[in-house]
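Novice: with the sequence up front, the predicted model follows.
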Amino acid sequence: MLTALLTLGILAALIGLILGYAAIRFRVESDPIVDQIDALLPQTQCGQCTFPGCRPYAEAIAAGEADINQCPPGGESTIQALADLLGRDPKPLNPEHGAHAEKSVAIIHEELCIGCTLCIQACPVDAILGAPKQMHTVIAAECTGCKLCVAPCPVECIDMVPVLQTTGNWIWPLPVVDSLVPGAGKLAGGAHG
Amino acid sequence: MNPGSDTTPVREDIIDPRDQLHRFHGGLVLPGHREAVASRPVQAAGIPPRLVLPLKQHIGEAAECLVRPGDRVSKGQMIAAPRGAISMPVHASSSGTVIAVEARPVPHPSGLMAPCIVIETDGRDEWGQASAPLADYREVPVGRLLERIRESGIVGLGGAGFPTQVKLAHRSPDGIDLLVINGVECEPYICCDDRLMRERTGEVLEGVRILQHILKPRHCIIAIEDHMPEAEAAMRAAVGAAAAGNLRVVRVPEIYPTGGERQLIKVLTGREVPSQGFPADIGIICQNVGTAAAVYQAVVHNRPLVSRLVTVTGAGVREPRNLELLLGTSFRHAVETCGGYSSEVDRLLMGGPMMGFAVTTDEVPVIKTTNCILAVTREEMPPSGDLLPCIRCGKCTAVCPADLLPQQLYWHARSGNLDAAQDYNLFDCIECGCCATVCPSHIPLVQYYRHAKAEIWTQEKQKKAADIARRRHEARIARLERVRQERSGRLAERKKSLSGPADQATDAKQAVIQAALERVRKKKEEAGQAPKNMDNLTPEQERLIREIDARRSQKDPPTEH
């Protein structure tokens, strides 16, 4: 009886030590689910989800404080990806946060710019270059299209222009044949399922 | 002489000494449609009034324009410089004046316009000042030769347009076992490589020698399809006459797509290039015969790539033939040189009937990858029949030369299940079109694969952009936080120095005040002002002051008081 208690007691203490050590040694720095959610978000940092950036939104989703349909730049595909990751049902984009639009890029009309730096302070990814009383310009390659620079501009010299299609970003369209032969697509899909 | 045999240990030889060939999976025997065209000699198409040179004629980054409208350019002058590692320069293909640098229609499946340099030719076709030709390429370091090939703007002329020097610089750790010179036409109708080998045998062979010198392969094979006996005879004669050592000509059977790099390697060696790898990974490098001839022109004559052989053919052309066309010549000029369109012409394609794509206008220019201009009639290439559901017959799988499962790829590509498509090795698809050709349901399979590939690339690009945006955002937040802390730190310091009854600070301040008072006092004394401490003096002191004042007034004239 005593031996058994002793053995179990020692074992418990030993395992407790090992677990305690492992908790320190293999500690995970941040919540991995937040990282996973953050990786699916478009990183536009536009704040349309009501959170100040994509990561805070990811944290809020992870904590159950925000829904997965609050990201207009991500649109349906992001909602779908989040639903897959979190094992939830996808739902349509919440219109309160805005509508999904194709990516656009900010352009500063340089002849109108007065060099006030307000847009530079607004840009979440430091994609605007300029100095006080000097003309500002947008680094197009770094612009996420968040539109946060548009409102602060006192002379309304910033426009959002859609990204043009070029031979570089063109993608082969899917054949449009499914619609030509009624029922063809359905049949094919059925065969697959 | 075999350069490899004395330095490396004996190992399984990569090729069968008796030229025992192998077979790749699938493939199709297609009607050639070449005979009439291949029997006619190459004709130079002359200098068109305008040349339109796109800044991107290859795989990789577009070149950077070096000229402005109004500039005079000479033939062979570099007018656009490479930008990045996988990028190639563009040269003026004839002398004349740049009249525009603007977006023009280019041969691209999208039908979109792209930046081009437009040259109005002067008809003199004058070469510019070229640097001295390399006296003997064998004396020149390999790096310099690769540099010359890059400067000359040479890309794979077989059709893909991959920068040649990049391919030549990609080495396997064990060196190169085999250099394959691809003289296999990639598709039906096309026969420009056939004419090239017949008419410019020497150039091709010299180019092969240069490539051999650069790569030092243990073996070199010039592969020629069995429908071009004249080309084979010419190459054999030249190789035999030159006592070529480890260089051989091998005849391969005509099965589409033997011209594909991976398929040709399989036929010659029985080896397979690893999935998503390069031939160099298994010690093999493949170069087109046209590329070899261009390398010869670049290295020996210092001539950049300004023209190429193009097969202009199809029942939609009156006199189909092979033309030597300056890069930038419009398709229309090429067709007009061949007697113009016949009345039944239906569509104009760049490339062959299997992998080519339709162009929307014949204003598009010939670029480095234009191996064929194909004008077809409706009768020749009827529109595919009504699309029917996939019946899972498996014919596509039987003909796939990459040994893939086209059906599975189709389902996944169609439903947007891109991860699954990649699991089925979507990126090993060479888009040869065999599957779509045999499909009894007329499903345009290749287009689904192209769409899926492009979609995956786009998503990867977006992912990269998102990662950069995330890093920049995090960096910004960190910077703002640092600035805030620095500012609050400074504020705290200042507050402390103002309010705290710290002795040191007070003492220092007192000392400063004392010093200032002292200075003021001294200044006033120097100005001769009366001291203010003359009240309540004793009679004795008053007497002394009077005595002193009297003494002073005797020496100097009295001051104002």
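Specialist: Looks like it arrived, so ask away.

Novice: list the contacts for the closest residue to chain B within chain A?
Specialist: In chain A, no residue comes nearer to chain B than A:Ile171, which is 3.5 Å away by CB to the nearest CB. Where C-beta positions appear, they are placed from N, C-alpha and C, glycine not excepted. If you count contacts by CB atoms under 8 Å, 6 or more residues apart in numbering or on different chains, A:Ile171 has them with B:451, B:454-455, B:457-458.

Novice: in a markdown table: those, plus distance to B:Pro141 and secondary structure.
Specialist: Conversion of those to a markdown table gives the following (distance: CB to CB, whole Å; DSSP: H, G, I helix; E, B strand; the rest coil):
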| residue | distance to B:Pro141 | secondary structure |
| --- | --- | --- |
| B:His451 | 45 | helix |
| B:Ala454 | 40 | helix |
| B:Glu455 | 44 | helix |
| B:Trp457 | 37 | helix |
| B:Thr458 | 41 | helix |
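
Novice: make a PyMOL selection of whichever of those residues turn out to be buried.
Specialist: Buried residues among the contacts of A:Ile171 (16 or more other CB atoms under 10 Å in any protein chain shown), as a PyMOL selection:
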select buried, chain B and resi 451+455
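
Novice: name the SS class of the residue of chain A closest to chain B, please.
Specialist: coil (DSSP: H, G, I helix; E, B strand; the rest coil).

Novice: lowest-pLDDT helix or strand in the chain?
Specialist: You didn't pick a chain, so chain A it is. helix A:184-192 (a mean of 36; mean pLDDT, DSSP states H and E).

Novice: was after chain B, sorry
Specialist: Per mean pLDDT, DSSP H and E, bottom of the list for chain B is helix B:503-526, a mean of 80.

Novice: just the CA trace of whatever helix or strand comes next after that one, in PDB.
Specialist: Using DSSP states H and E, the next helix or strand after helix B:503-526 towards the C-terminus is helix B:539-555. Below are the C-alpha coordinates for helix B:539-555, written out as PDB (Å, rounded to 0.1, in the frame of the first residue of the first chain):
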ATOM      1  CA  PRO B 539      31.800 109.700  10.000                       C
ATOM      2  CA  GLU B 540      35.100 108.000   9.800                       C
ATOM      3  CA  GLN B 541      34.100 106.300   6.400                       C
ATOM      4  CA  GLU B 542      32.800 109.600   5.100                       C
ATOM      5  CA  ARG B 543      36.000 111.300   5.800                       C
ATOM      6  CA  LEU B 544      38.000 108.600   4.000                       C
ATOM      7  CA  ILE B 545      35.800 108.900   1.000                       C
ATOM      8  CA  ARG B 546      36.200 112.600   0.800                       C
ATOM      9  CA  GLU B 547      40.000 112.300   1.000                       C
ATOM     10  CA  ILE B 548      40.000 109.700  -1.800                       C
ATOM     11  CA  ASP B 549      37.700 111.800  -4.000                       C
ATOM     12  CA  ALA B 550      39.900 114.900  -3.400                       C
ATOM     13  CA  ARG B 551      42.900 112.900  -4.500                       C
ATOM     14  CA  ARG B 552      41.200 111.600  -7.600                       C
ATOM     15  CA  SER B 553      39.900 115.100  -8.600                       C
ATOM     16  CA  GLN B 554      43.500 116.400  -8.400                       C
ATOM     17  CA  LYS B 555      44.700 113.700 -10.900                       C
END
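
Novice: buried set for helix B:539-555?
Specialist: Here helix B:539-555 shows no buried residue, counting by 16+ other CB under 10 Å.

Novice: distance of the residue in chain B positioned nearest to chain A from B:Gln287?
Specialist: Nearest residue of chain B to chain A (CB to the nearest CB) works out as B:Ala454 at 3.5 Å. From B:Ala454 across to B:Gln287, the span is 27 Å (CB to CB, to the nearest Å).

Novice: still on that earlier bit, give me the phi and psi angles of the residue lying closest to the residue of chain B closest to chain A once chain neighbours are set aside.
Specialist: Distances taken as CB to CB, 6 or more residues apart in numbering or on different chains place A:Ile171 nearest to B:Ala454, at 3.5 Å, with adjacent residues excluded. Per-residue torsions, A:Ile171: phi -120, psi 140 (degrees, to the nearest 10).

Novice: check B:Ala44 too.
Specialist: Backbone dihedrals for B:Ala44, given as degrees, to the nearest 10, come out at phi -80, psi 130.

Novice: residue contacts, it?
Specialist: By CB under 8 Å, 6+ apart, the neighbours of B:Ala44 are B:323-324.

Novice: ok, now which ones touch the nearest residue to B:Gln422 once chain neighbours are set aside?
Specialist: Closest residue to B:Gln422 apart from its sequence neighbours, by CB to CB, 6+ apart: B:Ile456 at 6.8 Å. By CB under 8 Å, 6+ apart, B:Ile456 lies in contact with B:418, B:421-422, B:426.

Novice: got a list of contacts for stretch B:235-244?
Specialist: By CB under 8 Å, 6+ apart, stretch B:235-244 touches B:183, B:197, B:201-202, B:204-205, B:222, B:224, B:247-249.

Novice: again, only this time at 6 Å
Specialist: Applying CB atoms under 6 Å, 6 or more residues apart in numbering or on different chains, the contact partners of stretch B:235-244 are B:197, B:201, B:205, B:222, B:247, B:249.

Novice: identify each buried residue in that stretch, please.
Specialist: Neighbour counts over stretch B:235-244 (16+ other CB under 10 Å) mark B:235-236, B:238-239, B:244 as buried.

Novice: what's the answer for stretch B:31-50, then?
Specialist: Quick answer for stretch B:31-50 (16+ other CB under 10 Å): B:32-34, B:37-38, B:42, B:45-48, B:50.

Novice: if I look at the residue nearest in space to the middle of chain A, how far off is A:Leu82?
Specialist: Of all residues in chain A, the one closest to the mean position by CA atoms, centre = their mean is A:Leu41, 1.7 Å from it. Using CB to CB, one gets 8 Å for the distance from A:Leu41 to A:Leu82.

Novice: please apply the same query to A:Ser104.
Specialist: A:Ser104 is 23 Å from A:Leu82, by CB to CB.

Novice: pLDDT weak spots in chain A?
Specialist: Within chain A, the stretches with pLDDT under 70 are A:29-31, A:177-193.

Novice: outline the domain layout of it.
Specialist: By the record's domain assignment, chain A is partitioned as A:32-97, A:102-165 (automatic domain parsing).

Novice: B:Val295 touches B:Ile210, doesn't it?
Specialist: Yes: here B:Val295 reaches B:Ile210: they are 5.4 Å apart, a contact under CB atoms under 6 Å.

Novice: helix or strand right after the lengthiest helix in chain A?
Specialist: Determined from DSSP state H, the single longest helix within chain A is helix A:2-25. As assigned by DSSP H and E, the chain's next helix or strand after helix A:2-25 is helix A:32-40.

Novice: right, is that following helix up against chain B?
Specialist: No: applying CB under 6 Å from any CB of the partner chain, one finds helix A:32-40 out of contact with chain B, separated by at least 7.4 Å.
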